[in-house]
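S.K.: return atomic coordinates for the entry below.
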Amino acid sequence: MGFAMLSRHTLFVTALCASLSPLGLAARAEPAPVDAAPKATPKADAPRIDPQAAAAPATPAIQAIVPAGTPNAETLAKEAAPKKSRELPPLVVARVSSDPVPTLSPATFLDTLKMADRYQALADAGGWASLPPGLVVKPGARDPAIPALRKHLALVGDLAADTPVSDALDAPLVVALKSFQARHGLPETGFLGRQTVAALNVPAATRQRQLAASAARQIGSNFAYGDRYVVVNIPSATVEAVDHGVVVRRYVAVVGKPDKATPRIEARITDVNLNPTWTLPVSIIKKEIIPKMRKDPGYLARERIRILGPGGTQVDPTAIDWSSEKAANYTLRQDSGLDNSLGQVRIDMPNKQAVYMHDTPSKSLFAREVRFHSHGCVRVAQVKELAGWLLEGTPGPNGAGSTWGPIEIETSIATNERLDIKLPKQIPVTFVYLTGYATPDGRAHFRDDIYGIDSPIAPMPEVATTGAIGPKAAVPPGKTLPTTQKTVLPQKTVPLEKTGASGGAASRSDAAGPAPAKPRAGKVEAGLAAPAAPPSDVPVPPGLIPIRAARPVMN
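M.R.: Numbering: from 1, shown residues only. Reported below is the predicted structural model:
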């Protein structure tokens, strides 16, 4: 009898376990009717669950058994999530003027002098009234300060003098305000806000000084304007491609920080480098690389920067004493690639300051209104397009009859091999510092004095330039230079760097190959004579300022 009871107990436990198994649960949950058609086997990623089993509380003794290989909810969610694209995000750049009139032309010097004289007259007459600093007026709105705005815009030529007087920011006034904003490098919105009010409140005497100082900085220039040339106006942080007197494209740029100022130069574009390498200048090795290597010995390897010794032999970073500055005695070179500090394109323009234009992997700065962040070189948004313009007329990769279009440039870059393309005809390029200038259409343009060198009484910062204008006599403490004083153009030689095809190669930027290049043989003009002085009855406003000696800058 005991054996019979034990047998019945064993059978009961066996049946209970079988009924609680996944197969038993599935059989109890949905018994297949005899007369029903065969059902499709449920997919492994969509298991059916017994409502009763789901509602039953789980116990430590009985746990659900999941067949091996069945994905859980977390895995299914990850697989369903869209994968991140590895494509580069679209380039976002700040808005710049589409004005076809170039910043610099053969007429700029005299036009700017005449405009400075006109603004001197405005300053002598009392200038214009200031607007409330926090003033905000939308188009169509009214404000008591609008009549003063109308008078100001009429004085500077943005608004017709016979426009009816009103306290409303009406349609004609919106057009005039947009004209003012365009001349000052501001977004052309027609909205009167903080930036526009700040520009309107700059006194007429300051605007006169900007024009006079910018004209003075052009003394000694003998820039070789051609049918095609390139202008970089440093305060504007823009690059202009000029073709037969018309700006065919204006590019957003990033220029030097105030403490690493972009120099003023005149040179010629000789080559376009695709997939360039970058040789780090000694200043960056000492100030940036050595401190980083002391804290992070793997930095050079991650940045793909090689250390080269005599003869180009590669040196192991662990063999360098990073506690000293001995690393500056070696050549540090970054390999080509998307993450190279010069990006994928470099525009070679040999000059004593070793500066140039180039691409960059850090493109977010192009979207900013204030773009003064480089070590002195000029980073150009959409530089591949500029390279294509420079390469017009240059035989393409397939020889005579082929061209360097966007596809050819991208295809060559995709090889990740360095390629130097020499221009058959060199293109003049100049970096200028014009905070105030006039164009042949009679308009005056202004930009912020980012390096603080316009004021004749302000202390000079360490600004690297390639030219110099004779220093003014020291101003005694407590005295200021009258803004009404007029001077005559000095008749003397003013040094301004001028390089041609045979100018010094920019060794730190790998313009001439794997090893640092030495200046090639050829004639380089050390100084250029100033333009002939005009008759003594032609007034020239003040603004001659000292320029410190040049020093090399990079990136």
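
S.K.: distance check, residue 250 against residue 187.
M.R.: Distance of residue 250 to residue 187, given as Cβ to Cβ, to the nearest Å: 15 Å. The way it works is simple: take the backbone N, C-alpha and C, and place the C-beta from them, glycine included.

S.K.: which other helices and strands does the strand ranked longest in the chain contact?
M.R.: In the chain, taking DSSP state E as the definition, the longest strand is strand 419-432. If you count contacts as 3 or more Cβ pairs under 8 Å, 6 or more residues apart in numbering; DSSP states H and E, strand 419-432 packs onto strand 228-233, strand 265-274.

S.K.: mind checking which of those strands is nearest residue 418?
M.R.: strand 265-274 (7.0 Å; Cβ to Cβ).

S.K.: partners of that closest one in the sheet?
M.R.: strand 345-348 (antiparallel), strand 419-432 (antiparallel) (DSSP bridges).

S.K.: alpha carbons only: can I get it in CSV?
M.R.: What follows is strand 265-274, C-alpha atoms only, in CSV (Å, rounded to 0.1, in the frame of the first residue of the first chain):
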residue,chain,number,x,y,z
ILE,A,265,50.9,90.0,-46.2
GLU,A,266,51.0,90.1,-50.0
ALA,A,267,51.9,86.9,-51.8
ARG,A,268,50.9,84.6,-54.7
ILE,A,269,49.1,81.3,-54.6
THR,A,270,51.3,78.7,-56.2
ASP,A,271,49.8,75.3,-55.3
VAL,A,272,46.8,73.5,-54.0
ASN,A,273,47.6,70.6,-51.6
LEU,A,274,45.2,67.8,-51.2
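
S.K.: okay, angle between that strand and strand 228-233 too, please.
M.R.: 110 degrees (axes from the mean of the first three to the mean of the last three Cα atoms, to 10 degrees).

S.K.: and the next helix or strand past strand 265-274?
M.R.: Counting by DSSP states H and E, the element after strand 265-274 in chain order, helix or strand, is strand 278-279.

S.K.: now the element after that following strand, going C-ward?
M.R.: The helix or strand immediately downstream of strand 278-279 is helix 282-284, counting by DSSP H and E.

S.K.: what helices or strands is the very next helix or strand once past that following helix leaning on?
M.R.: Next helix or strand after helix 282-284 toward the C-terminus (DSSP H and E): helix 290-295. Contacts defined by 3+ Cβ pairs under 8 Å, 6+ apart place helix 290-295 against helix 299-302.

S.K.: the helix it packs on: which residues count as buried?
M.R.: 299-300 (16 or more other Cβ atoms under 10 Å).

S.K.: list the contacts for the residue nearest to residue 152 when sequence neighbours are not counted?
M.R.: Nearest residue to residue 152 in three dimensions, chain neighbours excluded: residue 128, at 4.2 Å (Cβ to Cβ, 6 or more residues apart in numbering). Listed by Cβ atoms under 8 Å, 6 or more residues apart in numbering, the contact partners of residue 128 are 122, 148, 151-152, 155, 200, 204.

S.K.: all helices for the stretch 351-500 of the chain, in order.
M.R.: Ranges of helices in the stretch 351-500 of the chain, per DSSP state H, counting those that start in this stretch, are 383-390, 406-414.

S.K.: list the buried ones in the last one?
M.R.: Using 16+ other Cβ under 10 Å as the burial criterion, the residues of helix 406-414 that qualify are 408-409, 412-413.

S.K.: check which helices and strands that helix is in contact with.
M.R.: strand 265-274, helix 383-390.

S.K.: quick one: residues in contact with the shortest one.
M.R.: Taking contacts as Cβ under 8 Å, 6+ apart, the residues outside helix 383-390 that touch it are 230, 239, 241, 248-249, 251, 269, 272, 343-345, 347, 357-359, 380, 404-406, 409-410, 423, 427.

S.K.: select only the buried ones of the residues you listed in PyMOL?
M.R.: Remark: buried members of the contacts of helix 383-390, expressed as a PyMOL selection using 16+ other Cβ under 10 Å:
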select buried, resi 230+239+241+251+269+272+343+344+345+347+357+358+359+380+404+409+423+427
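
S.K.: any stretches of the stretch 451-555 of the chain with poor pLDDT?
M.R.: Scanning the stretch 451-555 of the chain for pLDDT under 70 picks out 456-555.

S.K.: now do the strands in the stretch 101-250 of the chain.
M.R.: For the stretch 101-250 of the chain, the strands defined by DSSP state E, counting those that start in this stretch occupy 228-233, 238-243, 246-256.

S.K.: quick one: closest of the ones you listed to residue 432.
M.R.: Closest of the strands of the stretch 101-250 of the chain to residue 432 is strand 228-233, at 5.6 Å (criterion: Cβ to Cβ).

S.K.: contacts for that closest one, please.
M.R.: Strand 228-233 has contacts (Cβ under 8 Å, 6+ apart) with 102-104, 223, 238-244, 253, 255, 262, 269, 357, 378, 390, 427-434, 447.

S.K.: buried deepest among the strands paired with strand 265-274, which one?
M.R.: Per-stretch averages of neighbours, counted by mean count of other Cβ atoms under 10 Å, single out strand 345-348 among the strands paired with strand 265-274, with a mean of 26.

S.K.: how about that one as CSV, C-alpha atoms only?
M.R.: Coordinates of the C-alpha atoms in strand 345-348 are reproduced here as CSV (Å, rounded to 0.1, in the frame of the first residue of the first chain):
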residue,chain,number,x,y,z
VAL,A,345,42.9,71.0,-48.4
ARG,A,346,45.7,73.5,-48.0
ILE,A,347,46.3,76.5,-50.3
ASP,A,348,50.1,77.2,-50.6
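
S.K.: what's the closest of the helices and strands packed on helix 406-414 to residue 234?
M.R.: strand 265-274 (10.6 Å).

S.K.: is it correct that residue 165 is in contact with residue 149?
M.R.: No: contact between residue 165 and residue 149 fails when scored by Cβ atoms under 8 Å: they sit 11.2 Å apart.

S.K.: who's more crowded, the two?
M.R.: residue 149 (26 against 8; other Cβ atoms under 10 Å).

S.K.: quick one: contacts for that one?
M.R.: Going by Cβ under 8 Å, 6+ apart, residue 149 touches 131, 173, 177, 192, 200.
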